[in-house]
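Q: What follows is a predicted protein model with its sequence.
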Amino acid sequence: MNTPPKKTKNEGQRRYEEYWARQMADSEFRRVYEEEAKKKELWLQLVEARQAAGLTQVEVAKRLGVSQAQVARIEKRGYDAYTLNTLRRYVQSLGGGFELEVIVRQTRPQEHNWAMPR
């Protein structure tokens with residue numbers, strides 16, 4: 001009885017890479033993908049960057065001179081007390097750079113008192 005050969009992981013990976021290459025060759029798909037990728041939550045970008053650098057939280061902590069718990073807090077979903085200096089140091093510890101994009105609305109925002117209440 002003839003049975004088709006089983007697909008290997010390598011073949012599946014190859015097919016996925018070919019599919020992804022075709023998708024990214026479409027300029028409209030690439031534009032939308034890149035636009036959406038920019039919106040990815042910061043904590044997830046930091047975790048993925050650390051993993052791509054092949055580093056653990058402990059290794060990043062040593063490079064920064066802080067505890068592993070502090071690195072875990074920086075990478076925690078929902079954490080929003082980042083300073084630009086913290087982000088810069090974290091990304092540099094991975095061997096990367098840091099860019100900040102400021103987007104200003106085309107319409108004038110309503111007046112608002114941004115002063116802290118006393």
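A: Now that the structure is in, tell me what you want to look at.
Q: contacts, neighbours, all on C-alpha from now
A: OK.
Q: Go ahead and confirm residue 57 touches residue 72.
A: Yes - contact status for residue 57 versus residue 72: in contact at 6.9 Å, counting by Cα atoms under 8 Å.
Q: Looking only at neighbour counts, state which of those two leads.
A: residue 57 (18 against 15; other Cα atoms under 10 Å).
Q: For that one, give its distance to residue 92.
A: For residue 57, the distance to residue 92 (Cα to Cα, to the nearest Å) stands at 14 Å.
Q: cool, and residue 16?
A: Here the distance between residue 16 and residue 92 works out to 32 Å (Cα to Cα).
Q: Now do the contacts for residue 67.
A: The contact partners of residue 67, by Cα atoms under 8 Å, 6 or more residues apart in numbering, come to 58, 61.
Q: Do you know the pLDDT at it?
A: Predicted confidence (pLDDT) for residue 67: 97.
Q: now the one 5 residues further on
A: Model confidence at residue 72, given as pLDDT, is 97.
Q: Could you list the domains of this protein?
A: Per automatic domain parsing, the structural domains of the chain span 8-39, 40-98.
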